[in-house]
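one predicted model, sequence on top.
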Amino acid sequence: MHAINPEKLHHSKWTAVAPKHKEKHFLAIKLVRDEEEKVVQVVLEAVLTRRQFTLPWQALRDDTSWRMGWQ
């Protein structure tokens with residue numbers, strides 16, 4: 001598992017281990033916070049298609065799905 005600081009996710013780069021729809025590289029474009037200002041979700045945008053989706057930031061810690069940086 002990756003050691004990730006959720007406060008530093010904004011504008012970070014990610015690589016999908018198993019790309020779908022030819023979308024391999026992603027940018028974290030937005031952080032979703034709760035009422036206590038804690039990061040709860042991250043919005044990723046595919047570099048190739050600009051498609052966006054939201055997932056819990058903890059999902060990025062899964063080595064079988066995501067790699068830090070563009071590889």
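Great, that's in hand.

what residue ranges in the chain score low on pLDDT?
Along the chain, the model assigns pLDDT under 70 to residues 1-2.

so what strands line up beside the strand of greatest length in it?
The longest strand of the chain (DSSP state E) is strand 23-33. Next to strand 23-33 in the sheet, as set by DSSP bridges, lie strand 13-20 (antiparallel), strand 39-46 (antiparallel).

how about residues contacting that strand?
The contact list for strand 23-33 (CB atoms under 8 Å, 6 or more residues apart in numbering) reads 6, 9-16, 39-49, 51-52, 54, 57, 70. C-beta here means a position set from N, CA and C on the backbone, and glycine is covered the same way.

now do 6 Å
For strand 23-33, the surrounding residues in contact (CB atoms under 6 Å, 6 or more residues apart in numbering) are 9-10, 12, 14-16, 39-49, 70.

hmm, back to that, go through the strands paired with strand 23-33 and name the closest to residue 66.
The closest approach between residue 66 and any of those, judged by CB to CB, belongs to strand 13-20 at 5.4 Å.

give the buried residues for the closest one.
Buried residues in strand 13-20, defined by neighbour count with 16 or more other CB atoms under 10 Å: residue 14.

kindly report the same for stretch 41-56.
Judged by neighbour count (16+ other CB under 10 Å), stretch 41-56 contains these buried residues: 41, 42, 43, 44, 45, 46.

from those, pick the one nearest residue 21.
Nearest member of the buried residues of stretch 41-56 to residue 21, counting by CB to CB, is residue 46, at 7.9 Å.

so how far is residue 27 from that closest one?
With distances defined as CB to CB, to the nearest Å, the gap from residue 46 to residue 27 amounts to 8 Å.

try residue 45
Taken as CB to CB, the span from residue 45 to residue 27 is 5 Å.

and the gap between residue 55 and residue 39?
Counting by CB to CB, the separation of residue 55 from residue 39 is 12 Å.
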